[in-house]
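**Q** next come a sequence and a model predicted from it.
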Amino acid sequence: MLSIKASKSSLLAGKKVTVCVSGSVAVVRVPELVRELIRHGAEVRIVASDAALELVGEALLEWASGNEVVTSLTGKIEHVELGAYADLVLVCPATANTISKIAMGIDDTPVTSTVTCAIGADKKVIIVPAMHESMYRHPIVMDNLARLDAIRVKVVRPRLAEGKAKLADNDEITEIVIGELAEKDLEGRRIVIAAGPTYEAIDMVRGITNRSSGRMGIELAKEAHRRGANVTLVYGPAKHEPPRWIRTVRVVTAGEMAAEVKKAMRNADALISPAAAADYRPAAMFMGKMDSGEGKTLGLIPTKKIVSEAREMFPDKVIVGFKVETRGLIEKAHEKLVADRLDLIVANHASAIGAEESDVHIINGVGRITSFSGNKSQIAGFVLDAMLGLLPERSKIKKRL
């Protein structure tokens with residue numbers, strides 16, 4: 001077994017993925033993509049066309065997956081085996097030629113034959129195009145992509161830049177694979193997530209902010225999206241970029257964050273707020289740049305609390321807050337839970353800010369404490385698991401909408 005297996009997460013543990021590789025220069029990205037799938041627990045087998053092997057060596061693909069690469073079809077009927085074996089077949093990169101053959105049911109390479117068997121066996125299939133933009137925009141290629149979409153083959157749209165339809169980022173492809181294979185226990189739910197710091201200007205170049213990286217909110221948004229939720233991420237000026245497949249509303253100040261959260265909550269079922277919105281803002285912003293080297297007195301006024309305002313406006317919706325403290329963590333978190341009438345609160349020590357892993361304590365409405373340790377992705381799963389049972393029944397959601 002590869003030493004990297006499940007080194008990042010177990011989100012794909014027990015899942016079998018067949019990666020079908022065709023002859024685009026983007027094939028050079030495949031070894032690292034395969035390794036990333038394995039880092040999340042997947043078992044990966046690779047099928048490669050002759051055109052792909054002209055661009056990347058068979059030995060490299062075998063090293064990446066830890067399995068022998070299928071390069072031709074024999075009496076072992078590898079295409080049937082791997083089409084039926086897989087929980088998901090990923091065609092990456094997919095050239096215009098390969099896309100059109102799959103759409104028309106033409107089976108003249110190991111790749112196209114494997115995909116045909118997977119579609120016929122009702123397996124999940126993902127197509128990731130990579131080619132010149134002019135080829136991608138060809139009306140027949142577009143028609144063939146639509147034809148595949150009509151039979152529930154998922155197409156990952158390429159990035160159009162420099163005259164090319166470029167392969168989606170490996171992180172995005174990995175996330176889509178995870179999402180396709182995840183349990184959809186949040187399907188039909190609308191979740192708002194407020195995340196990141198805010199910035200309150202003192203003058204044109206200085207301001208009040210904090211060390212929040214925004215990563216906890218991003219991981220919550222990704223996990224909720226994987227599980228089928230319609231996610232809106234209200235995101236402050238953090239250093240980490242949110243995924244392009246998550247609907248994101250960018251904000252700067254605590255006031256802007258509160259306003260966008262309330263707007264998004266109108267059609268939502270729940271709010272999760274690990275946001276580190278500023279507690280105070282300057283009473284007045286200095287117009288221009290204050291001179292340095294002199295003592296200054298800065299008047300501060302408190303900002304409005306996001307979860308408090310959300311609870312006032314939406315008394316019947318599920319709200320999950322976060323509390324970071326240096327001492328008296330559980331007591332202060334419970335006080336906030338009661339004061340803001342939250343359904344859950346997640347408490348963690350300030351020393352964990354920026355850390356890869358941390359300990360968290362989830363406190364529910366009756367004061368029961370459940371503690372977890374893990375990375376931010378794992379913690380996101382714990383939080384959503386705890387929230388799941390608090391959501392209204394689906395029939396009530398449909399009635400309300």
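**A** Everything's here; your move. Keep in mind it's a predicted model, so treat the numbers as computed, not measured.
**Q** where along the stretch 1-150 of the chain do the helices fall?
**A** For the stretch 1-150 of the chain, helices defined by DSSP state H, counting those that start in this stretch occupy the ranges 30-39, 50-53, 58-65, 78-85, 96-104, 110-120, 133-136, 139-150.
**Q** pLDDT (mean, whole number) over the first one?
**A** Helix 30-39 shows a mean pLDDT of 97.
**Q** flag every buried residue along that helix.
**A** V30, P31, L33, V34, R35, E36, L37, I38, R39 (16 or more other C-beta atoms under 10 Å). In short, each C-beta sits where N, CA and C put it, glycine included.
**Q** and what of the second one?
**A** If you call a residue buried by 16+ other C-beta under 10 Å, then helix 50-53 has these buried ones: A51, A52, L53.
**Q** domains of this structure?
**A** Domains of the chain are assigned by automatic domain parsing as 16-181, 190-285+297-400.
**Q** out of those domains, flag the one nearest S3.
**A** domain 16-181 (9.8 Å; C-beta to C-beta).
**Q** measure the closest one end to end?
**A** Start-to-end span of domain 16-181 (C-alpha to C-alpha, to the nearest Å) is 10 Å.
**Q** spatially central residue in the chain, please.
**A** Central residue of the chain (C-alpha atoms, centre = their mean): K222, 2.7 Å from the mean position.
**Q** surely that residue and I246 touch.
**A** Yes: using C-beta atoms under 8 Å, K222 is in contact with I246, at 7.0 Å.
**Q** okay, buried residues for stretch 286-306 please.
**A** In stretch 286-306, counting by 16+ other C-beta under 10 Å, buried: T303, K305, I306.
**Q** between those, which is closest to A264?
**A** Of the buried residues of stretch 286-306, the one sitting nearest to A264 (C-beta to C-beta) turns out to be I306, at 11.5 Å.
**Q** show me the shaky parts of this structure.
**A** Across the chain, the ranges flagged by pLDDT under 70 are 1, 393-401.
**Q** who touches stretch 281-293?
**A** For stretch 281-293, the external contacting residues (C-beta atoms under 8 Å, 6 or more residues apart in numbering) are 200-206, 208, 253-255, 296, 298-301, 303.
**Q** run the last query once more with 7 Å
**A** With contact meaning C-beta atoms under 7 Å, 6 or more residues apart in numbering, stretch 281-293 is reached by 200-205, 208, 254, 296, 298-301, 303.
**Q** residues contacting T209?
**A** T209 sits in contact with P197, T198, Y199, where contact means C-beta under 7 Å, 6+ apart.
**Q** now with 8 Å?
**A** So T209 contacts P197, T198, Y199, E200, P237, A278 (C-beta under 8 Å, 6+ apart).
**Q** same check on L90?
**A** By C-beta under 8 Å, 6+ apart, the neighbours of L90 are V17, T18, V19, C20, V125, I126, V128, I173, V177.
**Q** top of these by number of neighbours, please.
**A** For these, counting by other C-beta atoms under 10 Å, the largest number of neighbours falls to C20: 34 neighbours.
**Q** my guess is D343 meets G365, correct?
**A** Yes: D343 lies in contact with G365 (C-beta under 8 Å); the separation is 5.8 Å.
**Q** give me the element the residue of the chain positioned farthest from its centre is part of.
**A** Distance from the C-alpha centroid of the chain, by C-alpha atoms, centre = their mean, peaks at E294 (46.4 Å). E294 belongs to no helix or strand when assigned by DSSP states H and E.
**Q** phi and psi next, for it.
**A** Backbone dihedrals for E294, given as degrees, to the nearest 10, come out at phi -120, psi 150.
**Q** so who does the nearest residue to L33 once chain neighbours are set aside touch?
**A** What sits nearest to L33 in space, not counting adjacent residues and going by C-beta to C-beta, 6 or more residues apart in numbering, is N170, at 4.7 Å. Residues near N170 by C-beta under 8 Å, 6+ apart: R29, E32, L33, E36.
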